[in-house]
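S.K.: Could you work out the structure for the sequence below:
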Amino acid sequence: MTRPRLIATDLDGTFLRPDGNVSALNARAVEKAAEYGIPFVVATGRPSRWLGVLDAVARAHPQVIVSNGGAVVDLATRTPILEFPLVTALTIGVLDELRQQIPGMTYGFETGVGFGCEPDSPSRQRQEPGHFVGSVDELIAALGPIIKVLGFHPGIDSEHLTAQAAPIIGERLTLTHASVSQPYGMIELTAPGISKASTLAKVCADLHVDAADVIAFGDMPNDADMLDWVGQGFVVANGHHTMKTRGYTEVASNAEDGVGRTILDLLS
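M.R.: Sure, this is the predicted structure:
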């Protein structure tokens, strides 16, 4: 393809190496994009609190898409610029139905700046200072607008949990998942129609960049909508097996700096 006008990428499993850091080669690719005036936009499932890794790529676009599209935050201050919160009554109803039909579900809740979870939730975020613990009603009252819900199950992996949850949720919320390194399954829920793709579209509209002029990189099902929306989607070789059947161009793994190598090739 011709030189892109905007580059978007997922972080974990895609742009970041397996150790969770930005490689020198990938950082150089961001620098090269900046030299050409091409915005480098991060679109991640991570919350705003987990963006310290991007200190290594200071010339990345100053706006980051977090929580699977649930918000856009300012990279320098970690404060939300745009938020797409879930409707409270609708969300509580869906979560109650999930718990009735899939016994053992527990929940965590992301806001633009904070997190809370139920007492028996296995979320690793409960280790962080300042998190809230309580019932669903207590958490929603304490946290304010929720931009992403995490649903956990101790005995069902993420892929099977997603399959079971999908017919229950329908179109009422946006359902996706990514891999977790912990011994539980996890689904991720955002407001209906909100995904990395929808929020990237808003960022691109503000920059007057058409989808056809955007490339994007990902590895997991929560990247699929974004890779479908852009002019060309790339999946890293270590990506989820379902991402290998969607027609994306496969590039080297995150361990081999596939994102950075591809960008430098396109800009050479």
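S.K.: For this protein, name the helix or strand with the lowest mean pLDDT.
M.R.: Lowest mean confidence among the helices and strands of the chain (mean pLDDT, DSSP states H and E): strand 132-133, at a mean of 90.
S.K.: Listing partners with orientation, what would you give for it?
M.R.: Using DSSP bridges, the strands paired with strand 132-133 are strand 115-117 (parallel).
S.K.: Quick check: residue 234 touching residue 216?
M.R.: Yes: at 7.0 Å, residue 234 and residue 216 qualify as touching, with contact defined as Cβ atoms under 8 Å. Using the backbone N, CA and C atoms, a C-beta is placed for each residue, glycine as well.
S.K.: higher neighbour count, those two?
M.R.: residue 216 (29 against 23; other Cβ atoms under 10 Å).
S.K.: Against which helices or strands is the helix or strand where residue 189 lies packed?
M.R.: Assigned by DSSP states H and E, residue 189 falls within strand 185-190. Packing partners of strand 185-190 (3 or more Cβ pairs under 8 Å, 6 or more residues apart in numbering; DSSP states H and E): strand 148-153, helix 158-169, strand 174-176.
S.K.: What lies in contact with it?
M.R.: When contacts are defined by Cβ atoms under 8 Å, 6 or more residues apart in numbering, strand 185-190 is touched by residues 45, 67-70, 84, 86, 91, 94, 147-153, 155-162, 165, 169, 173-178, 180, 222.
S.K.: out of the residues you listed, which are buried?
M.R.: 45, 67-70, 84, 86, 91, 94, 147-153, 156, 158, 161-162, 165, 169, 173-178, 180, 222 (16 or more other Cβ atoms under 10 Å).
S.K.: So residue 198 belongs to a helix, correct?
M.R.: Yes: under DSSP: H, G, I helix; E, B strand; the rest coil, residue 198 sits within a helix.
S.K.: how deep is it tucked in, by neighbour count?
M.R.: Using other Cβ under 10 Å, the number of residues around residue 198 comes to 19.
S.K.: Show the contacting residues for the residue lying closest to residue 251 once chain neighbours are set aside.
M.R.: Excluding its sequence neighbours, the residue lying closest to residue 251 (Cβ to Cβ, 6 or more residues apart in numbering) is residue 258, at 3.9 Å. Shown in contact with residue 258 (Cβ under 8 Å, 6+ apart): 217, 234, 236, 237, 251, 252.
S.K.: out of those residues, which are buried?
M.R.: Buried members of the contacts of residue 258, scored by 16+ other Cβ under 10 Å, are 217, 234, 236, 251.
S.K.: beta partners for the third one?
M.R.: According to DSSP bridges, the partner residues bridging residue 236 are residue 251.
S.K.: gap between the two ends of stretch 22-42?
M.R.: 13 Å (Cα to Cα, to the nearest Å).
S.K.: can you list contacts of that stretch?
M.R.: 3-11, 15-17, 51, 53-54, 56-57, 59-61, 63-65, 200, 203, 207, 209, 257, 259-261, 263-264, 267.
S.K.: buried sites along it?
M.R.: 22-23, 25-27, 29-30, 32-34, 38-42.
S.K.: Reformat the contacts of residue 258 as JSON lines; add pLDDT.
M.R.: JSON lines is the format used below for these (pLDDT from 0 to 100):
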{"residue": "217", "pLDDT": "98"}
{"residue": "234", "pLDDT": "98"}
{"residue": "236", "pLDDT": "98"}
{"residue": "237", "pLDDT": "98"}
{"residue": "251", "pLDDT": "98"}
{"residue": "252", "pLDDT": "98"}
